[in-house]
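Asker: sequence first, then the predicted structure, then my questions.
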Amino acid sequence: MIIAYIIMLAIAIILLFAYVFVLYRTQKEKGLLVLHISVCLVNLGYLLLSLSPNVEFALWANKLAYLGQIAVIVSMLNIIIKLCGFKRSKVGQIIIISISAIMFAIVFTSGFLPWYYKSVSLSWENGGAELNKEYGPLHITYLLYVVAAFIAMITAIVYSMAMKKKGSHKHAGLLIAVVGGNIAMWIVEKFVPFNFEFLSISYIMSELVFIFFFWTMQDYVRKDEVQSPIVVVDSMPTSEKMKIVCSRLGEDKKLTMRQTQILELILDGKTRKEIASKLIISENTVKMHTSMLYDALGVKNKEDIFAIVYKDKQ
């Protein structure tokens, strides 16, 4: 069991570093970053709990796992809301975070007050420590919290399908499968006597699925990508436009060959699909290079690039 938790934690850490250093530059989705960090906390908590030498240590490890689980639920809800095309209001975020904070405060009483757990003891089974718990009167609040969150996720998916929100109907089945998979794992843990936290696996699977979503659905979740073609009506040569735009680069910055090719095609008024076809690469690859091109030039979209050209021309 301990080895299994070590493997799960290692995978979670690898996914976190892979996302931060490879994908975050192009996606910059904070909810997904929080999800990766939270899954690491959950798996770290499970590992420490399995290694616990005494009840006090086990309780603190259990609280760490709960902190990660609550954060996972919040981040999953926010991600699904965004993928379904709904705006996340500040008031809604405050309410969600407040409820989650209260939930963790209740869990935090374990070991101090008999509210969440009446009593706890530690035993060793299958090569790892297990926390034996007698539930207190407030333990049902976590059940209600999880159920409410899953209902909110499914409601957002179904409602987005009914409203025909862009970007959600095509993958609604997979989103429901993600939520359903976590529900199934959660039910298994609650009612089937296994000495292993299977949620550690389902959370990692959820990470992979959400990475897939944000990678393939950037048309819907990124506002700085322009899909419509830009009609170029002036007679200025593309080479001259390239010189004007590249003059914005700092001395320590230099465009890669692929970024230079994409910039040239953008200045020709090509769409992302046309650029991908011209360079014989996928549209996702074009998105990645375009995002890094924007960062290098200090712009947000294609219009900003053309604004540089015509402002200088005037």
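Answerer: Everything's here; your move.
Asker: going forward, measure contacts between C-alpha atoms and count neighbours the same way
Answerer: OK.
Asker: burial measure for Ala58, as a count.
Answerer: 24 (other CA atoms under 10 Å).
Asker: hang on, it packs against Gly45?
Answerer: No: look at Ala58 against Gly45 with CA atoms under 8 Å: they stay out of range, at 9.0 Å.
Asker: which pLDDT value goes with the closest residue to Ile73 other than its chain neighbours?
Answerer: Once flanking residues are discounted, Ile73 sits nearest to Ala149: 7.0 Å by CA to CA, 6 or more residues apart in numbering. Ala149 carries a pLDDT value of 92.
Asker: surely Ala149 is in contact with Ser75?
Answerer: No: contact criterion CA under 8 Å: Ala149 and Ser75 do not qualify, at 10.7 Å.
Asker: more neighbours: which of those two?
Answerer: A count of neighbours by other CA under 10 Å puts Ser75 above the other of Ala149 and Ser75, at 20 against 17.
Asker: and the pLDDT at Lys190?
Answerer: We note a pLDDT of 69 for Lys190 in this prediction.
Asker: kindly apply the preceding question to Ile204 instead.
Answerer: On pLDDT, Ile204 comes in at 89.
Asker: quick check: it is in a strand.
Answerer: No: under DSSP: H, G, I helix; E, B strand; the rest coil, Ile204 sits outside any strand and is assigned helix.
Asker: helix, strand or coil for the closest residue to Lys253 other than its chain neighbours?
Answerer: Excluding its sequence neighbours, the residue lying closest to Lys253 (CA to CA, 6+ apart) is Ala296, at 6.9 Å. Of the three states, Ala296 takes helix according to three-state DSSP.
Asker: surely Ala296 meets Ser247?
Answerer: No: using CA under 8 Å as the test, Ala296 is too far from Ser247 to be in contact (11.5 Å).
Asker: circling back to that earlier point, any idea how far the residue nearest to Ile73 lies from Glu303?
Answerer: Ala149 sits 40 Å away from Glu303, taking CA to CA, to the nearest Å as the criterion.
Asker: for the stretch 51-200 of the chain, which segments count as strands?
Answerer: Along the stretch 51-200 of the chain, counting by DSSP state E, counting those that start in this stretch, strands occupy 117-125, 128-135.
Asker: please, which helix or strand holds Gly269?
Answerer: Element membership for Gly269 (DSSP states H and E) is empty, with no helix or strand holding it.
Asker: begin at 836 from now on, thanks
Answerer: Sure, I'll start numbering at 836, so the last one becomes Gly1104.
Asker: need the contact list for Leu876.
Answerer: Counting by CA atoms under 8 Å, 6 or more residues apart in numbering, Leu876 touches 899-900, 902-903.
Asker: can you give me the neighbour number for Gly1104?
Answerer: 19.
Asker: distance check, it against Tyr881.
Answerer: Gly1104 is 53 Å from Tyr881, by CA to CA.
Asker: which parts of the stretch 986-1135 of the chain are helices?
Answerer: Secondary structure of the stretch 986-1135 of the chain by DSSP state H, counting those that start in this stretch: the helices cover 1007-1026, 1034-1051, 1053-1056, 1073-1081, 1092-1102, 1107-1114, 1118-1132.
Asker: for my notes, please list those helices in JSON lines and give distance to Ser958 and mean neighbour count for each entry.
Answerer: Shown next, in JSON lines, are those (distance: least, CA to CA, whole Å; neighbours: other CA atoms under 10 Å):
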{"stretch": "helix 1007-1026", "distance to Ser958": "18", "mean neighbour count": "16"}
{"stretch": "helix 1034-1051", "distance to Ser958": "21", "mean neighbour count": "19"}
{"stretch": "helix 1053-1056", "distance to Ser958": "47", "mean neighbour count": "18"}
{"stretch": "helix 1073-1081", "distance to Ser958": "66", "mean neighbour count": "15"}
{"stretch": "helix 1092-1102", "distance to Ser958": "58", "mean neighbour count": "18"}
{"stretch": "helix 1107-1114", "distance to Ser958": "59", "mean neighbour count": "16"}
{"stretch": "helix 1118-1132", "distance to Ser958": "50", "mean neighbour count": "18"}
